[in-house]
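Asker: Requesting a structural model of the entry that follows:
(chains A and B, ligands or ions: 1)
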Amino acid sequence: MEAVIATAKAAQTVQGPSTLFDKIWRTHLVLEREDGQALLYVDSHFLQDGSAPAFEMLRQRGLTPRLPERAFATPDHYVPTSGRDLALIADPEKRAMAEALESDAAAAGITFFGLDDPRQGIIHVVAPEQGMSRPGMLIVCGDSHTSTHGALGALAFGIGASEVAHVLATQTLWQRRPSTLRVTVDGRFGPGVSAKDLILALIAQISAAGATGCAVEYAGEAVEALSIEGRMTLCNMTIEAGGRAGMVAPDETTFAYLRGRPFAPDGAAWDRAVAAWQALKSDPGAVFDREVRLDAPAIEPMVTWGNSPEDALPITGVTPDPAAAATPERREAMERALAYMGLQAGQALTDVTVDRVFIGSCTNGRIEDLASAAAVVRGRKVAPGVEAWVTPGSGVVKAAAEALGLDQAFKAAGFQWREPGCSMCLGTNGDQVAPGQRCASTTNRNFVGRQGPGSRTHLMSPAMAAAAAVTGRLTDVRDLLGRDLPWKG
Amino acid sequence: MEPITRLEARAVPIDRPNVDTDQIVPARYLQKPRSAPFGDFLFRDLRFDADGSEKSGFVLNQPGYRGAKIVVAEENFGCGSSREHAVWALYDYGVRAVIAPSFGDIFASNSAKNGLLTVALPAGQVKAMIEALAAEPGLEVAVDLDAQTVSLPDGPAHRFEIDPYRKHLLLNGLDELGFTLSQLAQIEAFEKTYAG
Ligand code: SF4
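Answerer: Next up, the predicted model:
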């Protein structure tokens, strides 16, 4: 195989304007093969409680993590959200997953935030809020939503278990160079519209495979105006469009977000870092393999009706009619989804009643998300018969929300206020939607059975989920909050 | 991990797009060790009722498709979560190749590391193959990794592309980590000058 390997040096000679993606890719290139596969250096490797198989693979080969100081671990998928004791996990195999992370991290000397640590939470919420995800970094994690960290101007990939073992053993990862896609969003969002609506609108437009194989850079006025939280929502769900990575060029918003975070540089190192980060943007004239444009003012609050994130529609719409599908395959897929979801063709989305509401996850479990939901909930009550939960994305988010009194607003309305974790996004910890129940959810996947066998998921923004909680049906949040309020996020 | 060279085997058509990894193996099996019988969990909620009885309507439970070693599916197969368990479930069931117009990126990458060949063919060719398999259950598909072709009995050989390196690993049943470890000196050299 030696013959197909070129060294990074030869590959590094580039001319002309570069994209943000190119710049990060290049500085991390250790080796390149003629077939286009590149060996990339990994700055930070995030681990969660699904990592046990990877550590087992290492042990089987007699290997240990090579640079534990470049790894960080916190449990999220299997942790209970009713309390902070691993003994609350009834299933011994699941409990073992959470326990394995702690012992594997301890054995390797990897920084670990356990359930007794107030900083524990969903890895994609914790790492950015600790300042561990920074511009220009190459970040990997054995979880598809690692794309989230691209919101800070990093290149971040989700990887599989064999790759986790590979990164632990070598601090590198083989990747085929993705193609590049720039999504430019012109103008500003209207009231009641947030990053979640944008990403659902984008996926509806380009399909769940529309960004397959792509590193996606988000740009334009609407993206620049987004907070880091909103950019994380956007980059997070890039994977639902099939993308390899999502990213936003770092700017003053990014620097302001990172300054003073526990793991961010400080003093002279901070100034040097910011100076370097300023250069991390796509050069004028840089060429992307593809470009997509969206018009922010045209985007309405979105909800999904089916079992793929591309099945998203403005809340003002009606469920589609399979008879109007372009192909027989599409018709069948639509019929199957409507049947599973218990919906009729041509039904007004606002007529769909819900049983459960879930606000949380790595997509929308941050403080801004909780604040936007609380603004809807305040002074209202959860509709009779609806069970509504808020699961903060991390202990830090939870504490911040409590300092703002958001927990009181939720509890007064009848919401459950839970402990941090992935919870009902995936239900692996037992927090599940019952068969046949319908859930308004701020998560990222509406797949068949995603929130529990037989569960019916409608994806939407936190404000929209809060609106569904208080009305008991899918609801246009603008009808509750008005259409001309200033809107954050 | 067995080397793959040429495969001539029963194939099952999964005629739906966006088959996500939650369908291939539900999340409730993710805490199982690699030694667990993941083949039993493959398409669990499509193949079985909650009480464990087979759903006769699901294609893999039908006589001509049971035990298939090749899956032919529509676009974006393996999208969604990065769970490598999806590949383990297919592999443990006996599947050695999946043919589709496109794949979830992480799924394709996981497949290559576990001896499962993913073959991307133009949508029209895949559709014709799905129709042929639906019309004649039990039909065998030939996948030749060396020649990079796929064919139905008496049908034309469709050529597919694959990374030479991925092909090398699959042909020889090798895994990537051993190869990278042989390049450790290069990684160390990189680290000496790396500022990040
Ligand atoms: S919150 Fe959901 S999508 Fe995010 S890491 Fe957890 S299970 Fe995965």
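Asker: Close to the ligand: what parts of the stretch 251-400 of chain A are there?
Answerer: Within the stretch 251-400 of chain A, the positions near the ligand by C-beta under 6 Å from any ligand atom are A:361-362. Using the backbone N, CA and C atoms, a C-beta is placed for each residue, glycine as well.
Asker: Now do the strands in the stretch 251-400 of chain A.
Answerer: With DSSP state E, counting those that start in this stretch as the definition, the stretch 251-400 of chain A shows strands at residue ranges A:290-295, A:302-304, A:312-314, A:356-360, A:387-391.
Asker: Any idea how far the last one is from the middle of the chain?
Answerer: Okay, so that is strand A:387-391. 19 Å (C-alpha atoms, centre = their mean, to the nearest Å).
Asker: Check which helices and strands it sits against.
Answerer: strand A:356-360, helix A:406-413, strand A:416-417 (3 or more C-beta pairs under 8 Å, 6 or more residues apart in numbering or on different chains; DSSP states H and E).
Asker: quick one: the closest residue to the ligand within chain B from chain A, how far?
Answerer: Proximity of chain B to the ligand (C-beta to the nearest ligand atom) peaks at B:Ser81, 7.1 Å away. Using C-beta to the nearest C-beta, to the nearest Å, B:Ser81 is found at 5 Å from chain A.
Asker: correct me, but that residue touches B:Ile24?
Answerer: No - using C-beta atoms under 8 Å, B:Ser81 is not in contact with B:Ile24; the gap is 9.6 Å.
Asker: Can you tell me the closest non-neighbouring residue to the spatially most central residue of chain A?
Answerer: The residue lying closest to the centre of chain A (C-alpha atoms, centre = their mean) is A:Asn236, at 2.8 Å. Distances taken as C-beta to C-beta, 6 or more residues apart in numbering or on different chains put A:Thr148 closest to A:Asn236, at 4.2 Å, once the chain neighbours are dropped.
Asker: tell me the contacts of that neighbour?
Answerer: Counting by C-beta atoms under 8 Å, 6 or more residues apart in numbering or on different chains, A:Thr148 makes contact with A:124, A:128, A:156, A:232, A:235-236, A:246, A:362.
Asker: Same list (those residues) but as JSON lines, adding distance to B:Ser53.
Answerer: Formatted as JSON lines, the contacts of A:Thr148 follow (distance: C-beta to C-beta, whole Å):
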{"residue": "A:His124", "distance to B:Ser53": "39"}
{"residue": "A:Pro128", "distance to B:Ser53": "46"}
{"residue": "A:Ala156", "distance to B:Ser53": "43"}
{"residue": "A:Met232", "distance to B:Ser53": "44"}
{"residue": "A:Cys235", "distance to B:Ser53": "43"}
{"residue": "A:Asn236", "distance to B:Ser53": "38"}
{"residue": "A:Gly246", "distance to B:Ser53": "42"}
{"residue": "A:Cys362", "distance to B:Ser53": "36"}
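Asker: After the helix or strand of chain A with the lowest mean pLDDT, which helix or strand is next? Please name it.
Answerer: Every helix and strand of chain A was ranked by mean pLDDT, DSSP states H and E. The lowest is helix A:8-12, at a mean of 48. Next in sequence after helix A:8-12, counting helices and strands by DSSP states H and E, comes helix A:20-27.
Asker: coming back round to it: I'd like the contacts of A:Thr148 as JSON lines, with secondary structure, distance to A:Arg330 and pLDDT appended.
Answerer: Below are these laid out as JSON lines (DSSP: H, G, I helix; E, B strand; the rest coil; distance: C-beta to C-beta, whole Å; pLDDT from 0 to 100):
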{"residue": "A:His124", "secondary structure": "helix", "distance to A:Arg330": "32", "pLDDT": "98"}
{"residue": "A:Pro128", "secondary structure": "helix", "distance to A:Arg330": "37", "pLDDT": "98"}
{"residue": "A:Ala156", "secondary structure": "strand", "distance to A:Arg330": "33", "pLDDT": "98"}
{"residue": "A:Met232", "secondary structure": "helix", "distance to A:Arg330": "32", "pLDDT": "98"}
{"residue": "A:Cys235", "secondary structure": "helix", "distance to A:Arg330": "29", "pLDDT": "98"}
{"residue": "A:Asn236", "secondary structure": "helix", "distance to A:Arg330": "27", "pLDDT": "98"}
{"residue": "A:Gly246", "secondary structure": "strand", "distance to A:Arg330": "26", "pLDDT": "98"}
{"residue": "A:Cys362", "secondary structure": "helix", "distance to A:Arg330": "30", "pLDDT": "98"}
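Asker: B:Ser81 and B:Ile24: which has the busier surroundings?
Answerer: B:Ser81 (29 against 26; other C-beta atoms under 10 Å in any protein chain shown).
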